[in-house]
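Enquirer: Predicted model follows, preceded by the sequence.
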Amino acid sequence: MSTISSELKDRLKGLYAITDENLIADEFFSEAIEAALLGGARIIQYRDKSGDLQKRLQQASMLRKLCTQYDATCIINDDIGLARAVNADGVHLGKDDTALANARQEPVSYTHLRAHET
């Protein structure tokens, strides 16, 4: 098992916010993300289970831009391809998602697993 660098540990500290397509109206997405960042969020996980690929790419791109602007960490939920497309800092994988061994082959900075799965 590899050790986590102190730089990565520092990036994973702070308020962790998760988006929800049922709670954030599409037209207010960027404003909601910026408000979370201004409110102290240091990590934002993009979670959208809809099948609307265009919407997901647009919103994930906006999240990446805002996270870069506010020096926050951008995580994409369950979608390595989307994480790669927007150059996310990482991808969150659950127990029913792509196997960790396969995820490590992908060009994403790091992989985040739910605590109960490690």
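Expert: Received, thanks.
Enquirer: Can you pull out the low-pLDDT segments for this structure?
Expert: 1-5, 7-9, 11-12, 95-118 (pLDDT under 70).
Enquirer: If we use 80, what do you get?
Expert: 1-13, 94-118 (pLDDT under 80).
Enquirer: now the helices for it?
Expert: Under the criterion DSSP state H, the chain carries helices at the ranges 6-11, 29-38, 53-69, 80-85, 100-103.
Enquirer: where's the spatially most central residue of the chain relative to Arg47, distance?
Expert: In the chain, the C-alpha nearest the mean C-alpha coordinate belongs to Ile75, at 1.4 Å (Cα atoms, centre = their mean). In this structure, Ile75 and Arg47 are 9 Å apart, going by Cβ to Cβ, to the nearest Å. Where you see a C-beta, it was placed from the backbone N, CA and C, and this is true even at glycine.
Enquirer: what sits in contact with each of the two?
Expert: The contact sets of Ile75 and Arg47 overlap at His92 (Cβ atoms under 8 Å, 6 or more residues apart in numbering).
Enquirer: so who does the residue nearest to the centre of the chain touch?
Expert: Ile43, Ile44, Gln45, Tyr46, Ala83, Ala88, Asp89, Gly90, Val91, His92, His112.
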